[in-house]
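Student: Generate coordinates for the sequence data below:
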Amino acid sequence: MKDTPLINKAKMLAGKAHEGQFRKYSGMPYIVHPIEVATIVQTVEHSDEMIAAALLHDVVEDTDYSFEDIAKEVSPEVADLVKGLTDVSSPQDGNRKVRKAIDKDHLAEQNAEVQTIKLADVISNSQDIKANDPKFAKVYIEEMKALLEVLTKGNKTLYAKAKEIVYSS
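Tutor: Okay, the predicted model is just below:
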């Protein structure tokens, strides 16, 4: 991964934020996932801000860091991309199906950059979950099929790859 000052700041914040967290299925340090998402985004047309947001895409959902922290420590543009990627539903909104529909509607409104990063996230998570939790994968993959319906502004190459992974058994 190329290191620009912006990407370096994002990498440092992501590492600090996810310190002590591990992937649910593999037990790998959690930071492996955002690095993989950023690496996938780098395979298509992208900006440094997109790579930084890919590295930070789970920080607000999974840690005590806020959008304001990202804006201050990395950049306001990156914080806006992360905001587009962050789930807006909360447990009070209802069951998983209801929450996923709310989050899908939020992602449908996002720009091509956000949707491209989300496609990379879908690719990374789908591969991991299919390999490591076949039972949950049945639920997750159906959710991703629904999500792909609205990620049409994202990069076409990543869209095709996500669709291939999600629709293969």
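Student: Point to the residue nearest the middle of this protein.
Tutor: Centroid-nearest residue in the chain, with CA atoms, centre = their mean: residue 121, separated by 4.0 Å.
Student: Who are the packing partners of the helix or strand that one falls within?
Tutor: If you go by DSSP states H and E, residue 121 is part of helix 112-132. Helices and strands touching helix 112-132, as assessed by 3 or more CB pairs under 8 Å, 6 or more residues apart in numbering; DSSP states H and E, comprise helix 32-41, helix 48-56, helix 76-85, helix 96-108, helix 134-148, helix 156-167. Heads up, the C-betas are built off the backbone N, CA and C, glycines and all.
Student: Now residue 81: closest residue in space that isn't a chain neighbour?
Tutor: Nearest residue to residue 81, sequence neighbours excluded (CB to CB, 6 or more residues apart in numbering): residue 53, at 3.5 Å.
Student: Check what pLDDT that neighbour gets.
Tutor: Looking at residue 53, its pLDDT reads 98.
Student: ok, back up a step: reformat the helices and strands packed on helix 112-132 as a markdown table; add distance to residue 17 and mean neighbour count.
Tutor: As requested, the helices and strands packed on helix 112-132 are arranged in a markdown table below (distance: least, CB to CB, whole Å; neighbours: other CB atoms under 10 Å):
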| stretch | distance to residue 17 | mean neighbour count |
| --- | --- | --- |
| helix 32-41 | 9 | 22 |
| helix 48-56 | 8 | 27 |
| helix 76-85 | 11 | 21 |
| helix 96-108 | 21 | 15 |
| helix 134-148 | 24 | 15 |
| helix 156-167 | 24 | 16 |
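Student: Nearest to residue 25, out of the ones you listed?
Tutor: The closest of these to residue 25 is helix 134-148. By CB to CB, the value is 8.8 Å.
Student: quick one: contacts of that closest one?
Tutor: 96, 100, 104, 107, 118, 122, 125-126, 129-130, 159, 162-163, 166-167 (CB atoms under 8 Å, 6 or more residues apart in numbering).
Student: switch the cut-off to 7 Å
Tutor: Outside helix 134-148, the residues within contact range by CB atoms under 7 Å, 6 or more residues apart in numbering are 100, 104, 107, 122, 126, 129, 130, 162, 163, 166.
Student: so which two of those are the farthest from each other?
Tutor: Farthest apart among the contacts of helix 134-148 by CB to CB are 107 and 130. That separation is 20.9 Å.
Student: roughly how far is the helix or strand where residue 8 lies from the heart of the chain?
Tutor: Per DSSP H and E: residue 8 is located in helix 5-17. In terms of CA atoms, centre = their mean, to the nearest Å, the centre of helix 5-17 is set 16 Å apart from its chain centre.
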